[in-house]
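following is a predicted model, sequence given first.
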Amino acid sequence: MISRINLRLMQNLLTIAMMICLTVGLGFAQGKSKLADVKKIYISNLGEGSEVIQEKIKLRLTKSSRYQLADNSEDADAMLVGAVAIEGRQVLFSGHGNTVYTATGVVRLVSKDSKETLWSYEYKPGRLRDHDAATDFANKVVERLLKDAKKAEKP
């Protein structure tokens with residue numbers, strides 16, 4: 001037989017567990033809604049030589065019609081910040097030396113007001129290919145942001 005003290009203790013523990021679950025669930029839902037609430041983004045400088053990548057990201061975001069672009073951080077809901085590096089290396093293709101460029105980088109979408117990171121993405125290039133590294137980087141960043149924003153909008 002369960003004593004009244006043990007029953008009261010079990011009820012208290014169950015109440016605490018339910019409060020923790022609700023708090024965690026509300027925090028998760030709040031984080032998701034913050035990304036979903038972003039409408040206007042400022043693209044910050046992503047490092048030396050990243051101007052082309054920044055412009056390609058802007059172009060893709062504009063084409064998506066999901067986001068508006070801000071000319072400065074004060075007019076934005078969030079800022080895309082991070083660092084991008086493009087490096088070239090010599091490789092041999094069919095006995096001919098070519099320079100192949102790869103991009104690596106990490107970007108974060110940061111709330112203008114709270115400075116909280118709302119979204120982040122680390123780009124890792126695939127196999128060495130003869131392609132436009134800047135275009136590939138911009139495509140992957142925007143593709144992932146749009147996909148994650150769409151998930152965040154779902155109830």
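Looks like it arrived, so ask away.

drop to CA atoms for contacts and neighbour counts, all remaining ones
Will do.

quick one: Val142 from Val91, how far?
In this view, Val142 and Val91 are 29 Å apart by C-alpha to C-alpha, to the nearest Å.

more crowded one of the two?
More crowded of Val142 and Val91, by other C-alpha atoms under 10 Å: Val142, with 19 against 14.

that one contacts Thr62, correct?
No. Between Val142 and Thr62 there is no contact under C-alpha atoms under 8 Å: 10.3 Å.

can you show me the helices along this protein?
Assigned by DSSP state H, the chain shows helices spanning 4-37, 51-64, 133-153.

worst average pLDDT in those helices?
Lowest mean pLDDT of those: helix 4-37, a mean of 53.

now do the contacts for Leu80.
Ile41, Tyr42, Ile43, Ser44, Val107, Arg108, Leu109, Val110 (C-alpha atoms under 8 Å, 6 or more residues apart in numbering).

and the last one, how many neighbours?
Which is Val110. By other C-alpha under 10 Å, neighbour count at Val110 equals 22.

circling back to that earlier point, can I get the contacts of Leu80 in CSV including pLDDT?
Formatted as CSV, the contacts of Leu80 follow (pLDDT from 0 to 100):
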residue, pLDDT
Ile41, 97
Tyr42, 97
Ile43, 96
Ser44, 95
Val107, 96
Arg108, 96
Leu109, 96
Val110, 96
